[in-house]
Every structure is written in structure tokens, then in C-alpha cells.
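Colleague: Show me the folded form of this:
(chains A, B, C and D)
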Protein chains: 2
Amino acid sequence: MSASSTELRRGRSNMREVAELAGVAMSSVSRVLSGHPDVSPLMRERVLAAVEELGYRPDMLAQSLRRRETMSVGFVVGDISNSLFAEILKGAETTLREAGYSMLFSDSGGDPELDLAHVRLFEQRRADGLILSLVREGQPATVQHLERIETPIVVLDRELPEAAGASRVLSDHRAGMSAAVRHLLALGHRRIGLIVGQPVRPAVERRRALEQVFAEQGLAPTYDVREGTFSAEHGARATAALLDAPEPPTALIAGGNQLMIGSLQVLRERGIALGRELSFVGCDDIAITELFQPPIAVVRRDNELLGRRAAELLLRRMRGEQEPVVELLPTEFVPRASCGQAP
Amino acid sequence: MSASSTELRRGRSNMREVAELAGVAMSSVSRVLSGHPDVSPLMRERVLAAVEELGYRPDMLAQSLRRRETMSVGFVVGDISNSLFAEILKGAETTLREAGYSMLFSDSGGDPELDLAHVRLFEQRRADGLILSLVREGQPATVQHLERIETPIVVLDRELPEAAGASRVLSDHRAGMSAAVRHLLALGHRRIGLIVGQPVRPAVERRRALEQVFAEQGLAPTYDVREGTFSAEHGARATAALLDAPEPPTALIAGGNQLMIGSLQVLRERGIALGRELSFVGCDDIAITELFQPPIAVVRRDNELLGRRAAELLLRRMRGEQEPVVELLPTEFVPRASCGQAP
DNA sequence: TTGTCAGCCGGAATCGATACCACTAGCGTA
DNA sequence: TACGCTAGTGGTATCGATTCCGGCTGACAA
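Modeller: Below you'll find the predicted structure:
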């Protein structure tokens, strides 16, 4: 076929050129390519031959403008270098792509103001939907804006007022964390330190689980919660502070993978034997937990699944389903040797 | 101001509505908003007031169609859940966004055919540029296609024929790996096992460094290279195979973070004391290397920098610079206790 | 022979913004 | 007074597709 010679003539060809080559109207080309029923076999053949000859591929920009949908969704997270978000992104992107959507990605770099800026940007780009993991839940300007817009939204493990009308995919942090705390209590621990990041849903839920289990068992609140940023630095500082307290905890829970890394660095430096001198639980399984000596107990969840579910909920909304949905995904406590009998 | 009442009237307002409200022509609105010099102060004021009143924000889709540029770039990688790529993505996205570009992201899931599909998709979306980390360098259809298109391309640590005209950002794997090998040789190791993934540039360069250092020092090629996929499974299998060989290596190098994880799992299971019974070097630093007992020597590099550089090279190409550029970024060998005297 | 209807096709408006061209008003100059 | 020039403005074609509407053709029934 002489396709390539003609095809190389210019960068792209447009629908008019196809129509001219086939000797038909643009509307007919459009009908053939979009599978409209009012097309004769002869017409179909001629158009497809011209399309082949020119190597024509429709311009999605023009399609989007005319059809009023871009087949794209915006994805905003605070830090993609955190494997948690990378895995969620992977699940979401794969699912959306299989449904014909492309993903616009942006990283807010931990800056809550950028969350809003990126949402507005994706609106200007006419994204058909948004998947968001806000840096800060309470940011007033952001929340107000989300309540105002009509683009379908799915939020990832965050709280948001009903008024925003967003679907949500949540992890059941309470279940996993409660199991972890009960495990520690059963081992005789009473003074438990919990390190968490910014007060967004995961941190809030983890804290509540701790408080609730203590309350249920009629125990005095002899736990110590350290809130801060979601970083290795805070993990390290909080760990040091907890260990240096007058009555240091006998068990430590790090509420997030970055916090865990910082925490383990300090514990390593101080030469503390996990499981014997101090029990330790991490959150969000990463490679290190199994390979660490001793292996580290964790509350884990399936991040890629979280992304896939988010994409599925968004697809439903984009296909016209009105009601926002909330989906709760399980977490699981995995006991390992880092937890031992209280001293 | 009565902005909100009017603003909420409809989802979006377009330029015609702004023009009508201001009582001017659309072309004047366009001029004001795009900073054209032919605008009187009065005109500017009236238009901006109308824009404010309606909460107007231009539709980037229509702009892109007319201006013939989308201010977006496509980013294609094989597996975003690998922290290596996530960090590169972060660097690239941040740099591009600061320059006014949005990023279209897609994950090929290790399937070389999808690389090509995604490139074509982003062309249809009229991306102004592409950043690619191909799953397989030699894929003929993909390479041919890349040679044909005129969209600026930057490839991430991959080889590609000159004809593609792509800029490239490369890591100097040879430098770091050579240092690692020399370090092992100095410790008396002669039988060295190297585990690598698919034969793309990083794997090829790491292997060459090993061979070259042996040759330089006039040593017999008593190394053993195991090629496979870039996965923990291959890391584990190759490690087991190497250890079970008639003359097992006294030092092991894992050419990639996933491979390292699989390898360490096997070494842990077999209870092998790193640094004493077997020396070990990893590639691409991750949290685990410092926290492992003993800490693991690695060849490391700055992944986020790689992403930033890629974005910068792409920006230059998109701004009209014709010549493709190749940039080599340093790698560094970090000796740690996992390397010890040969038995 | 005429009317009806289904099938198929072309023409043109449209999506929302940009940019070129033509025009006007106002000013300076010969 | 007539003319040219410039700053500022409006009208309109255009980017590349979709879609509505109307018209043509041929088959079939009355």
C-alpha cells in the first residue's frame, strides 16, 4: 500500500482532507468513524480507505470541544513519591484508561493552596472528573470551591462535607488499628505511643481507634499521641520525644510509612531491641517491614485496590449516576515479631 | 460585590457573555486577557469587571485548538508503583507545572505494546511533548513510530536511535557500578554475581561496568550475570540460583530496587550473614538500605533530579530549540557494612 | 401516476477562543 | 484644509470535529 508516502506528506491530516480524498462530505466521514447507522457499505469502504491512505486519526481536542467531554480526569495528591499514592495512582490510572479516559496528574507538594489551584486548573481543562487526596481536609477555600463545582469528584480517604456531593473511598483504619491496639494490650502494654501526621482522616481514625479500645476495656488513657507532618523527620522527632518522656511508652505505633521510617532510624540509633524492650507497629506495608530484623507488625491495606475503586466510583458518576457513594475498604493487622510481651 | 449571584447562574460563562456584559467585542476581551498592547485603560477596566462579575475563566480546550498548542505533555512509564519512577514523575511534573504545562500520565504496566499505544494516544490529544521510559528499547514498531513523529521527546535512561531525534537524560551507571565493583575487588572478592532486569540501558550499563573493571584489572571473568524481569520474583530466583551454583559468588549485586528486595528475602530465609559470609550491593537507594541489618551498600542517584532535568530538556525543545541534547547525571557508590572482606 | 417513507447523504451552524484585517477617531503636519 | 499616521476597536474566518436539518433517491402501495 502507498500509505506511508502520502501519510508522511504532512504531520497530520484532518477530516476535510479525508472527505476530499474520499469525495464525500465531512459529515459522512464523521458518521462512518463514529459508527452512526445511516451509512451505506460503499460509503464506509471509501471513507475507511481514505482514512487508511492518509493515516488519519481524529483530533481529540476538536472532538472534546464539540462533544463537550474531554475523556480525561484530574488526579491530585500531596506527594507522589510516597509509595502509598503511587500505588493508588497506578490502580486508578489503569482502570480509567481501560474505560477510555486519560489522566491529568498533579502533585501538590504538601501545599494545601496548590490543591485548590490544581482543581481550578483541571476545571479549565474541562476534566470530566476529579480524584483528590487533599493535603488538608479543612482548607475553607478549597472546600467551598468543591461545594460549588458540578464536576464529579471522588476523594481518597478524606472527610468532606456532604454538600460537596463527592463520592469517597475510605480505608477502614479503625478495624486494623483496633486489632493492633488489642494485640498490644493483650501482650500487657498499657503505655502506648502513637505517631501520626496531619489531622486528615487516616490520622484521625487511627487516633480514635486507640482511644476507643482503651475506653471499651475500661482502661485509663495511658497513651500518648504525637501529631505533626507526614514525614520521616516528624517520625524521628516524635519517637525521640516519646522515648525521653518521664514515663516512656512500652509500645509504639507509627501511623504511616514515612513516619515509620523516621521512627525506626531513631530506634536503630539508640540500639533498642524491638519486640523485647519496645514493641512496634507500622502502618501501610512497605518492603522494609518484612525484611527488618525483627520483622515489623503492620496494619496494611491494598492501595492499588483503593485506586481502582476510586476510578470505578468516578466512572459511575461520570456516566450520569447522581448519588455520591461511600465505599469502605478493609485494613488488616499483621502481627510480627516486633511486638512482644510488655517488660 | 454581587459576583456570586451572577456567577452561580450557570456552570461556566464564555467569552461572548463577557463581551456582551462589558458591551465590547469578543476580540477586545481576548486582547485584554492575553495582554495585547492595543488596549485602552478604560477597555481593560470594563472587561476585567465583567470577567470578575461572571467569574469567567477561559476554556483551555478552545484555546488549545485555536493556538495549536495544548500546554500539556505526556509521561509514559512501565510501573509507577516503583518508587524510582514515582520520584522521577514528581520532579518532572513539578518543573513542568511551574512552566505552565500539565501532565498527562499513563502506566504501561510492563507491556511494551502499551508504550506505543500511549504515545499514539497522547499524539491524538496533541500533547506538546513526551517524556518516555520505554519498557523495551528495541521494540521495532515503537522505535519506528518515534522516528516518524515530530513531537519533542525526552527519554529517561534509555537508548534510542539518533533518528528519533530525542533528547535523553541518562544516569552514569558505569561510574557508580565501577566504584562498587572496584570496592568489592579490593576486599578480595573475585566471584561476583550480578542480577539485572530487562536488557534496557541501566541493566546493560551495569553489566558493562562489571565486565570492564574485570578486564581493566586483567582478571579472569569470574562473574555471573543473571538477566530477567525487573521484579522481586526474579531477584529471588536469581539469588537462589547463584547461591546454589557449583562455585557460588562471594559478592552479590542487585541491579535495581525490586531485585534487591527479592534477593534480600532469599538471603534472609537462608540466614546468610551479609558482610561476613556474603557481600551485597544494591542499586537505587530506598529506605530499607539504611535500616537493614547490616546497612546495605548501594549505588545511588537523585531520581527527582532526573525528572527535573528531563522536564527542562523538554521545555527547551518545546520552545523551539532544535538540537536534541544528552545529559548524563552522576551516580554514587555508598559503601556500607554489607560489604566485607572476602572469605 | 402520485404519494409516502426509509435510507442515505451534504450543508451549515456550532463548540469557545484567537488573530488577522479593516475601519474609525484623533492628532500632527504640510 | 487635506492628508497620513497611530492607537484602539469590531467583525469574521479559523482551529477540527459533531450534529441537526433538509433534500434526494428509489421502492412500494394506493
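
Colleague: can you give me the helices for the stretch 151-300 of chain A?
Modeller: Shown for the stretch 151-300 of chain A, the helices assigned by DSSP state H, counting those that start in this stretch span residues A:173-186, A:201-216, A:232-243, A:257-269, A:287-291.

Colleague: Check which residues of the third one are buried.
Modeller: Read that as helix A:232-243. Of the residues in helix A:232-243, A:232, A:234-240, A:242-243 count as buried by neighbour count, 16 or more other C-beta atoms under 10 Å in any protein chain shown. Just so you know, the C-beta spots here come from the backbone N, C-alpha and C atoms, and that holds for glycine as well.

Colleague: Check which helices and strands that helix sits against.
Modeller: Applying 3 or more C-beta pairs under 8 Å, 6 or more residues apart in numbering or on different chains; DSSP states H and E, we find helix A:232-243 packed against strand A:192-196, strand A:223-227, strand A:251-254, helix A:257-269.

Colleague: Do stretch A:92-102 and DNA strand D come into contact?
Modeller: No: taking C-beta under 7 Å from any atom of the strand as the criterion, stretch A:92-102 and DNA strand D are apart, separated by no less than 13.3 Å.

Colleague: Any chance you could list what contacts stretch A:234-254?
Modeller: A:177, A:180-181, A:184, A:187, A:189-195, A:197, A:206, A:210, A:223-224, A:226, A:228, A:256, A:258-263, A:265-267, A:270, A:272, A:278-283, A:339, A:342-343 (C-beta atoms under 8 Å, 6 or more residues apart in numbering or on different chains).

Colleague: Distance check, A:Ala141 against B:Ala232.
Modeller: Counting by C-beta to C-beta, to the nearest Å, the gap from A:Ala141 to B:Ala232 is 43 Å.

Colleague: mind listing the helices for the stretch 1-150 of chain A?
Modeller: Taking DSSP H, counting those that start in this stretch as the criterion, the stretch 1-150 of chain A carries its helices at A:3-7, A:15-22, A:26-33, A:41-54, A:60-67, A:83-98, A:112-124, A:140-148.

Colleague: which of those helices is buried the deepest?
Modeller: Greatest average neighbour count among these goes to helix A:83-98 (a mean of 23), per mean count of other C-beta atoms under 10 Å in any protein chain shown.

Colleague: For it, give the mean pLDDT please.
Modeller: The average pLDDT within helix A:83-98 is 98.

Colleague: quick one: that helix to chain centroid distance?
Modeller: 7 Å (C-alpha atoms, centre = their mean, to the nearest Å).

Colleague: relative to helix A:257-269, how tilted is it?
Modeller: With axes from the mean of the first three to the mean of the last three C-alpha atoms, to 10 degrees defining the directions, helix A:83-98 sits at 150 degrees from helix A:257-269.

Colleague: on contacts alone, who are the packing partners of helix A:83-98?
Modeller: Applying 3+ C-beta pairs under 8 Å, 6+ apart, we find helix A:83-98 packed against strand A:72-77, strand A:102-107, helix A:303-318, helix B:83-98, strand B:102-107.

Colleague: contacts for the fourth one?
Modeller: Around helix B:83-98, the neighbours that count as contacts under C-beta under 8 Å, 6+ apart are A:79-83, A:85-86, A:105-107, A:109, B:73, B:75, B:77-80, B:102-103, B:105, B:131, B:133, B:156, B:256-257, B:284, B:286, B:303-312, B:314-315.

Colleague: okay, the helices of the stretch 151-300 of chain A in JSON lines with mean pLDDT next?
Modeller: Below are the helices of the stretch 151-300 of chain A laid out as JSON lines (pLDDT from 0 to 100):
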{"stretch": "helix A:173-186", "mean pLDDT": "98"}
{"stretch": "helix A:201-216", "mean pLDDT": "98"}
{"stretch": "helix A:232-243", "mean pLDDT": "98"}
{"stretch": "helix A:257-269", "mean pLDDT": "97"}
{"stretch": "helix A:287-291", "mean pLDDT": "93"}
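
Colleague: Select, out of those helices, the one closest to DNA strand C.
Modeller: Proximity to DNA strand C (C-beta to the nearest atom of the strand) singles out helix A:201-216 among the helices of the stretch 151-300 of chain A, at 35.8 Å.

Colleague: Show me the residue of the stretch 51-200 of chain A that gets nearest to DNA strand C, please.
Modeller: Nearest to DNA strand C, among the residues of the stretch 51-200 of chain A, is A:Arg66, at 3.7 Å (C-beta to the nearest atom of the strand).
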